[in-house]
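Q: Predicted model follows, preceded by the sequence.
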Amino acid sequence: MGKRGNNNHQNNDNQKRKKFKVSTGFLDPGTSGIYASCTRRKERLAAQELGQLLEEKIEQYYKEEIEELHSNSKDNTTGETKDHEDSNKEQKVEDLSIEEQLKKELANMKKPQQSKTKDEKKKDILQLIDLNCECMIFFKTRRPIVPEKFVKRIMEDLSDPNDKLKRTRYIQRLTPITNSCSASMEQMIKLANQILAPHFHEPNGRHDYKFSIELTRRNFNTIERNDIINQIVALVCQNGKYQHQVDLKNYEKLIIVECFKNNIGMSVVGGDYLKKYKKYNIQSIFEAKFKDNKINDDKDINKTKN
């Protein structure tokens with residue numbers, strides 16, 4: 001009886017233990033965009049609410065750039081029949097007002113993915129990529145969006161103490177990806193040189209930054225963690241050519257590396273990423289903001305009593 005009871009107890013524990021399933025999605029090399037962590041089993045709802053937030057911010061930040069993209073689209077057509085038809089459609093868009101153009105662009109984002117052609121998907125400014133990964137979603141971006149600048153600006157807005165409206169429920173942390181490559185050391189070195197140069201190797205820029213590396217691996221075992229970190233440190237300092245130093249706590253720049261299956265994504269963010277913007281965690285930003293408001297309210301109450 002004792003053994004049977006123990007077996008039943010173990011079976012119950014196994015049933016209660018909920019395992020994460022292996023992701024079946026993937027990202028192509030050369031993809032830029034935004035990862036977002038979210039509440040488990042709420043990935044679909046998280047994608048909807050984040051899509052709405054990003055569309056709102058695109059309309060707010062990139063109105064002029066979208067107008068320029070439409071005005072220049074007619075110069076990129078060819079003599080082929082299909083391209084000719086596309087240019088006629090774009091010409092009609094150019095005849096619309098700025099507001100109508102923007103509404104049309106955002107409406108295209110909301111079209112069901114299965115109803116879009118490959119050419120239409122390529123033109124999307126914002127496109128949800130189905131990673132089929134628990135607690136993680138990804139939005140692919142294209143110009144004029146620069147992911148690290150776009151996400152930083154969103155965080156600045158959400159951190160505004162005067163903004164009390166919470167727009168998301170399931171989204172937690174946003175991670176910008178400037179660009180990505182296939183999962184090999186050779187390709188990662190090429191990507192790192194491209195991403196790091198504007199931040200660490202500008203001829204007239206600073207060459208003594210304190211920096212750190214944040215590496216996340218999901219369904220990824222192609223390259224060892226330490227091999228990636230050591231290689232990036234070497235590329236930043238370039239064998240002593242630059243005086244940048246690793247500082248895990250008080251860094252001025254943080255190199256974000258996201259490894260997902262066959263893809264390695266990378267970006268660089270500022271030192272305010274950790275303390276001011278809570279690792280770009282939307283939930284933490286709002287919790288901190290309302291905590292600060294409560295402290296200020298309590299101080300005002302005490303002053304009134306005194």
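A: That came in fine, so what should we check first?
Q: Phi and psi next, for residue 172.
A: Dihedral pair for residue 172: phi -110, psi -80, per degrees, to the nearest 10.
Q: ok, now residue 133?
A: According to degrees, to the nearest 10, residue 133 has phi -120, psi 130.
Q: Any idea what it is bridged to?
A: In this entry, residue 133 is beta-bridged to residue 136, by DSSP bridges.
Q: so who does it touch?
A: 23, 25, 43, 218, 219, 260 (CB atoms under 8 Å, 6 or more residues apart in numbering). The C-beta positions use only the backbone N, C-alpha and C, and glycine is treated the same way.
Q: Please indicate which of these has the highest neighbour count?
A: Most neighbours among these, by other CB atoms under 10 Å: residue 260, with 24 neighbours.
Q: residues contacting the nearest residue to that one once chain neighbours are set aside?
A: Distance criterion CB to CB, 6 or more residues apart in numbering; nearest residue to residue 260, sequence neighbours excluded, is residue 218 at 5.0 Å. Each residue near residue 218 by CB under 8 Å, 6+ apart is listed here: 23, 133, 136, 258, 259, 260, 261.
Q: Residue 222 now?
A: 183, 184, 259, 262.
Q: Quick check: the gap between it and residue 61.
A: Using CB to CB, to the nearest Å, one gets 35 Å for the distance from residue 222 to residue 61.
Q: Please apply the same query to residue 68.
A: 14 Å.
Q: Show me which of the two is the more surrounded one.
A: Just comparing residue 68 and residue 61: by other CB under 10 Å the higher neighbour count belongs to residue 61, 17 against 12.
Q: Contact partners for that one?
A: Here residue 61 is in contact with 150, 153 (CB under 8 Å, 6+ apart).
Q: Residue 271 touches residue 277, doesn't it?
A: No. If you go by CB atoms under 8 Å, residue 271 and residue 277 don't touch, sitting 10.2 Å apart.
Q: Look at the two and report which has more neighbours.
A: Using other CB under 10 Å, the more surrounded residue of residue 271 and residue 277 is residue 277, with 23 against 17.
Q: now stretch 203-222, how far from the chain's geometric center?
A: 16 Å (CA atoms, centre = their mean, to the nearest Å).
Q: Can you list the buried residues in that stretch?
A: Buried residues in stretch 203-222, counting neighbours by 16 or more other CB atoms under 10 Å, are found at 209, 211, 212, 213, 214, 215, 216, 217, 218, 219, 220.
Q: The fourth one sits in which helix or strand?
A: Right, residue 213. strand 210-218 (DSSP states H and E).
Q: Report the mean confidence score over stretch 246-265.
A: For stretch 246-265, the mean per-residue pLDDT is 97.
Q: Now do that stretch: distance from first to last residue.
A: Stretch 246-265 stretches 21 Å from its first residue to its last (CA to CA, to the nearest Å).
Q: So which bits of it are buried?
A: 251-265.
Q: Then stretch 170-179?
A: 170, 171, 172, 173, 174, 175, 176, 177, 178, 179.
Q: Next, count neighbours for the spatially closest residue to the last one that is not a sequence neighbour.
A: Leaving aside its sequence neighbours, residue 179 sits nearest to residue 32 (CB to CB, 6+ apart; 5.3 Å). Using other CB under 10 Å as the criterion, residue 32 is surrounded by 19 other residues.
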